[in-house]
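**Student:** Okay, sequence plus prediction incoming.
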Amino acid sequence: MRGKSGIRELTHFDASGYPARLAGQISGFDAEALLSGRLLPQTDVSTRYALVAADWAMSDAKLEPQALTDYDMGVVTSNACGGFEFTHGEFNKLWSQGPDKVSVYESFAWFYAVNTGQISIRHKLRGPSSALVAEQAGGLDAIGHARRTIRGGTPLVVTGGVDSALDPWGWVSQLASGRVSHITDPERAYLPFDAEATGYLPGEGGAILVLESAVSAQQRGRDHSYGEIVGYACTFDPPPGSPRPPGLRRAAELAIADAGLSPNEIDVVFADASGKPALDAAEAAAIADIFGRHQVPVTAPKALTGRLYSGGGPLDVVSAALALRDGIIPHTSGVTTVPAEYGLDLVTAGPRPASVSRALILARGRWGFNSSIVISKPTLEIQTHTTQRRHQKWTR
């Protein structure tokens, strides 16, 4: 809310020779103080973030796995980049020292599913679990799949997404997308929906949540939740050259319908916010087509963190839930001039006080992934929802 940015010049390596040098970076993270020494040699930085976030989420939810049936708790996470930094280090050993110096942990530390596995092992969560890959859309897909898992009979799922790929190898792979901004001013490099937008900045991190059925929360004696996942949908874009429109609008409409709502019951939209003018224009058109021009507040707090790939959607869900709780919409930092043709009521300049009961979160991943989630205040705070089976409490 204070508008403090995590965007700065890369510190993980010397990026002075690269065309883009800014990223959203986590500072002050001490893995040795937060995790056991046994885990450090076998984990990439992204997995360390996921493990610590899961620890904090479960603590906040007052979840004690040993007091519950292990097969009644699952893990569903998303990861887009894998363990880039760990793998890069082991490949350097392979090339410079030989194969006998490569860590045996490389066999799984690089893998997209490792965060799900490590969280499951650490907390003995043996219920249905999975990992999803859909670039920036994957984190919302993980939450949507966790919701589906709960509907299938598993009472509780730890879910979300985390990514980090800020080593040289990971950085080059991100630059190859052609979507990363080359602007060197941290305050002007990532300006989603601005007339001067030139691309996005990558970041690292994400969010892990505890999602559970209302019955499970009540049985555990939990009378507090941050919100409820009331709608979810995903779509896929048509192939390049197709006359059919992109799938983001349909994903949003399906999620709103899944929640049993109409567009005028959505109080704020947390946008995907690519930062590329053509993609921003397409998203703005989808929002305006659904809600009307300037009819719903739109925001993109990720301008302060960078795009977090699989972590971006879950972090937006967290931001949206806090907006619902506190009655204030975070702003889109740095943006000053929104093209009139976008028709957006973009929250800029500072946070906006508002009565917020429901939020729509949007995400798009490269290669055509689109995902959307609707969250609402807990049922006790909103009496318009009547289909209790549709809702899952989020206790962290």
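**Tutor:** Nice, thanks for sending it over. Residues are numbered from 1 along each chain as shown.
**Student:** okay, CA-based contacts and neighbour counts for the rest of this
**Tutor:** OK.
**Student:** What are the structural domain limits within the chain?
**Tutor:** 7-218, 227-394 (automatic domain parsing).
**Student:** these two touch, right, residue 246 and residue 239?
**Tutor:** No - assessed by Cα atoms under 8 Å, residue 246 is found out of contact with residue 239, at 9.3 Å.
**Student:** Comparing those two, which shows the higher neighbour count?
**Tutor:** Taking neighbours as other Cα atoms under 10 Å, residue 246 and residue 239 compare with residue 246 leading, 21 against 11.
**Student:** what's the closest non-adjacent residue to that one?
**Tutor:** residue 237 (5.0 Å; Cα to Cα, 6 or more residues apart in numbering).
**Student:** next one: residue 191
**Tutor:** residue 197 (5.0 Å).
**Student:** Please name the residues that touch the one you found.
**Tutor:** The neighbours of residue 197, taking Cα atoms under 8 Å, 6 or more residues apart in numbering as the test, are 189, 190, 191, 275, 276, 277.
**Student:** switch to 10 Å and redo it
**Tutor:** 181, 183, 188-191, 274-278, 280, 335, 337-338 (Cα atoms under 10 Å, 6 or more residues apart in numbering).
**Student:** Please produce a ChimeraX select command covering the buried subset of those.
**Tutor:** Applied in ChimeraX, the following selects the buried portion of the contacts of residue 197 according to 16 or more other Cα atoms under 10 Å:
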select :181,183,188,189,190,191,274,275,276,277,280,335,338
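**Student:** Okay, and which of the contacts of residue 197 map to helices?
**Tutor:** Members of these lying in helices (criterion: DSSP state H): 277, 278, 280.
**Student:** pretty sure the last one contacts residue 248?
**Tutor:** No - Residue 280 is not in contact with residue 248 according to Cα atoms under 10 Å; the separation is 11.8 Å.
**Student:** hang on, the earlier thing: can you lay out the domains of the chain as JSON lines showing mean pLDDT and distance to residue 1?
**Tutor:** Listed next are the domains of the chain as JSON lines, based on pLDDT from 0 to 100; distance: least, Cα to Cα, whole Å:
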{"stretch": "domain 7-218", "mean pLDDT": "94", "distance to residue 1": "15"}
{"stretch": "domain 227-394", "mean pLDDT": "91", "distance to residue 1": "6"}
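**Student:** mind checking how far residue 179 is from residue 147?
**Tutor:** Residue 179 sits at a distance of 32 Å from residue 147 (criterion: Cα to Cα, to the nearest Å).
**Student:** Tell me which of those two has more neighbours.
**Tutor:** residue 147 (28 against 16).
**Student:** Next, give phi and psi for that one.
**Tutor:** Backbone torsions of residue 147, given as degrees, to the nearest 10, read phi -60, psi -40.
**Student:** before we move on, what about residue 340?
**Tutor:** According to degrees, to the nearest 10, residue 340 has phi -60, psi -30.
**Student:** just the helices in the stretch 201-350 of the chain please.
**Tutor:** Assigned by DSSP state H, counting those that start in this stretch, the stretch 201-350 of the chain shows helices spanning 214-219, 248-258, 277-291, 312-326.
**Student:** of all those, which lies closest to residue 229?
**Tutor:** helix 312-326 (9.4 Å; Cα to Cα).
**Student:** which parts of the closest one are buried?
**Tutor:** 312-325.
**Student:** Now tabulate those residues in CSV and tack on distance to residue 171.
**Tutor:** Output for these, formatted as CSV (distance: Cα to Cα, whole Å):
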residue, distance to residue 171
312, 17
313, 21
314, 22
315, 22
316, 23
317, 26
318, 27
319, 27
320, 29
321, 31
322, 32
323, 32
324, 35
325, 36
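**Student:** Out of these, give me the two with the largest separation.
**Tutor:** Among the buried residues of helix 312-326, 312 and 325 lie farthest apart (Cα to Cα), at 20.0 Å.
**Student:** Please produce JSON lines containing the helices of the stretch 201-350 of the chain, extended by distance to residue 161.
**Tutor:** JSON lines is the format used below for the helices of the stretch 201-350 of the chain (distance: least, Cα to Cα, whole Å):
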{"stretch": "helix 214-219", "distance to residue 161": "22"}
{"stretch": "helix 248-258", "distance to residue 161": "20"}
{"stretch": "helix 277-291", "distance to residue 161": "23"}
{"stretch": "helix 312-326", "distance to residue 161": "6"}
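**Student:** residues touching residue 364, list them.
**Tutor:** 134-138, 140, 234-237, 247-248, 271-274, 279, 283, 309, 313, 370-372 are the contacts of residue 364 under Cα under 10 Å, 6+ apart.
**Student:** next one: phi and psi at residue 55?
**Tutor:** Here residue 55 shows phi and psi, under degrees, to the nearest 10, equal to phi -60, psi -50.
**Student:** what do you get for residue 362?
**Tutor:** According to degrees, to the nearest 10, residue 362 has phi -120, psi 150.
**Student:** and it, how many neighbours?
**Tutor:** Residue 362: 29 surrounding residues under other Cα under 10 Å.
**Student:** and what of residue 72?
**Tutor:** Neighbour tally, residue 72, other Cα under 10 Å: 18.
**Student:** what does the one 10 residues further on give?
**Tutor:** Neighbours of residue 82 under the rule other Cα under 10 Å: 26.
**Student:** which residue packs closest to residue 105, ignoring adjacent ones?
**Tutor:** That would be residue 42: by Cα to Cα, 6+ apart, it lies 5.2 Å from residue 105.
**Student:** Check the spacing between that neighbour and residue 107 real quick.
**Tutor:** Note on residue 42: its distance to residue 107, by Cα to Cα, is 10 Å.
**Student:** Give me the more crowded residue out of those two.
**Tutor:** Remark: of residue 42 and residue 107, residue 42 carries more neighbours, 18 against 11, as counted by other Cα under 10 Å.
**Student:** Quick check: buried residues in stretch 141-151?
**Tutor:** So for stretch 141-151, counting by 16+ other Cα under 10 Å, buried means 141, 142, 143, 144, 145, 146, 147, 149, 150, 151.
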